[in-house]
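1. requesting a structural model of the entry that follows:
(one chain, ligands or ions: 1)
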Amino acid sequence: MHAAQQSAPTRRATRAIRLGPYLIGGGNPIRVQSMCNTDTRDAAATLAQIERLAEAGCEIVRLAVIDERAAAALPAIVAASPVPLVADIHFDHRLAVMAAEAGIKGLRINPGNIGGEDKVDTVVAAARHHGLPIRIGVNSGSVEKALLARFGGPTPEAMVESALHHVAMLEKRGFHEIKISLKSSSVMDTIAAYRLMAARADYPLHIGVTEAGTLLRGSVKSAVGLGVLLAEGIGDTLRVSLTHDPVAEMDVAYEILRSLNIRARGPEIVSCPTCGRTEIDLIRLANAVEERLRTVPEVFKVAVMGCVVNGPGEAREADIGIAGGRGKAVIFRKGEVVKSLRGGYDELLAGFMDELELFLSQ
Ligand code: SF4
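-> Residues are numbered from 1 along each chain as shown. Sure thing, here's the model as predicted:
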């Protein structure tokens, strides 16, 4: 007997804001974001990365706009981008205005850091005129000195106070198209900060663990931090930050969402951990199947199992699967064997790939 699938966690109630084609928050789908690590001044390289990100499932891409040349590259990038873009700006309100005029769909800027009330007026007027939301993004490393002194360091409370200070500057101007992020490289601080904020404001939250690290460590830290928050219904957009090609963030982000039954993109690949019964190079086989399916967006379940006796039964819910033994393998669908294969690793792989192509074409 298999238990019924658990439903996705109940989402925290938030306002909805618009970011390009999406409504964010208010129970709308949790959107997957990333950030280019190209030089925005190089429009061709940036666009190439945006296209790779979009193909891998990225729905919102943020670009660092560090100077006027970067801002001047935005119109060309925006015009060709398949996904809405957010301009990440520190300190210089003129860049925010240029980005808004270039057709960017959101701003990430902290109004308390741009040098005065008149400059905040200018940015808010531009955001309002172009219908853009503003993300307030507080990182543990960017908390103001006074708050560090008051709270004894970049504590979750200090991060929340910092963000609310920036938020108040927008609210004072009647501006509520706001999203908030509170990222720390500490998983526990990140979780604590978002929980505090969720209790204090109803703006949508962009969640992430910052400076999480390299592919393996960053993925684990992000999965733990984001997983806890999402399981509590917190989070309206998310980013997995890796010290890696940002395209790799997509697989991790969607696996986190899939694990919590929130959203699925692409096939789920279940593979057994191998054991003393395994008589086939299962690790290589599972990786080959994963590689073939990397860019397939359809949602279904594939199983790659290590023995013909237990494999199909263990992967009963798989839409299609292979279970290998010494010199043979069976292909099964929903736990029922539909075909037998004979040969070495190469023959078994080829036989399964043929069947997989057939399945994909149906
Ligand atoms: Fe072992 Fe077979 Fe289970 Fe794989 S499917 S872990 S080989 S019993």
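2. so which bits of the stretch 251-362 of the chain are right by the ligand?
-> Selection of the stretch 251-362 of the chain residues close to the ligand by C-beta under 6 Å from any ligand atom yields 272-275, 277-278, 305-307, 310-311, 314. Heads up, the C-betas are built off the backbone N, CA and C, glycines and all.
3. could you rerun that using 5 Å?
-> Residues of the stretch 251-362 of the chain lying close to the ligand (C-beta under 5 Å from any ligand atom) are 272, 275, 277-278, 305-307, 310-311.
4. how about residue 59: what's its closest non-neighbour residue?
-> Leaving aside its sequence neighbours, residue 59 sits nearest to residue 31 (C-beta to C-beta, 6 or more residues apart in numbering; 4.6 Å).
5. contacting residues around that neighbour?
-> By C-beta atoms under 8 Å, 6 or more residues apart in numbering, the contact set of residue 31 is 19, 22, 24, 59-60, 236-238.
6. how does it look with 10 Å?
-> Applying C-beta atoms under 10 Å, 6 or more residues apart in numbering to residue 31 gives the contacts 19, 22-25, 58-60, 83-84, 204, 206, 236-239, 253, 263.
7. again with residue 263
-> Neighbouring residues of residue 263 by C-beta under 10 Å, 6+ apart: 8, 29-32, 57, 253-254, 256-257, 299.
8. what's the following helix or strand after the host helix or strand of residue 44?
-> Using DSSP states H and E, the element containing residue 44 is helix 43-55. Next in sequence after helix 43-55, counting helices and strands by DSSP H and E, comes strand 60-64.
9. how far does that next one sit from its chain's centre?
-> With C-alpha atoms, centre = their mean, to the nearest Å as the basis, strand 60-64 stands 12 Å off its chain's centre.
10. so after that strand, what's the next helix or strand?
-> Reading on from strand 60-64 to the C-terminus, the next helix or strand found by DSSP H and E is helix 68-80.
11. what sits up against that next one?
-> So helix 68-80 is in contact with 36, 39-44, 46-47, 50-51, 61, 63-65, 81, 84-85, 87, 89, 92, 94-105, going by C-beta under 10 Å, 6+ apart.
12. now do 8 Å
-> Residues outside helix 68-80 that contact it (C-beta under 8 Å, 6+ apart): 39-43, 46-47, 50, 63-65, 85, 87, 94-95, 98-99, 102-104.
13. what sits against residue 158?
-> Shown in contact with residue 158 (C-beta under 8 Å, 6+ apart): 143, 147-148, 150-151.
14. nearest to residue 119 among the contacts of residue 263?
-> Nearest to residue 119, judged by C-beta to C-beta, of the contacts of residue 263 is residue 31 at 29.0 Å.
15. in the sheet, who's paired with the closest one?
-> residue 237 (DSSP bridges).
16. now the angle from the helix or strand harbouring residue 100 to helix 68-80?
-> Residue 100 belongs to helix 93-101 when elements are defined using DSSP H and E. Orientation check (axes from the mean of the first three to the mean of the last three C-alpha atoms, to 10 degrees): helix 93-101 against helix 68-80 gives 10 degrees.
17. show residues contacting the next helix-or-strand element following helix 93-101.
-> In the C-terminal direction, the helix or strand that comes right after helix 93-101 (DSSP H and E) is strand 106-108. Contact partners of strand 106-108, identified using C-beta under 8 Å, 6+ apart, comprise 19-20, 60, 62, 84-89, 96, 99-100, 123, 127, 132-135, 137, 179.
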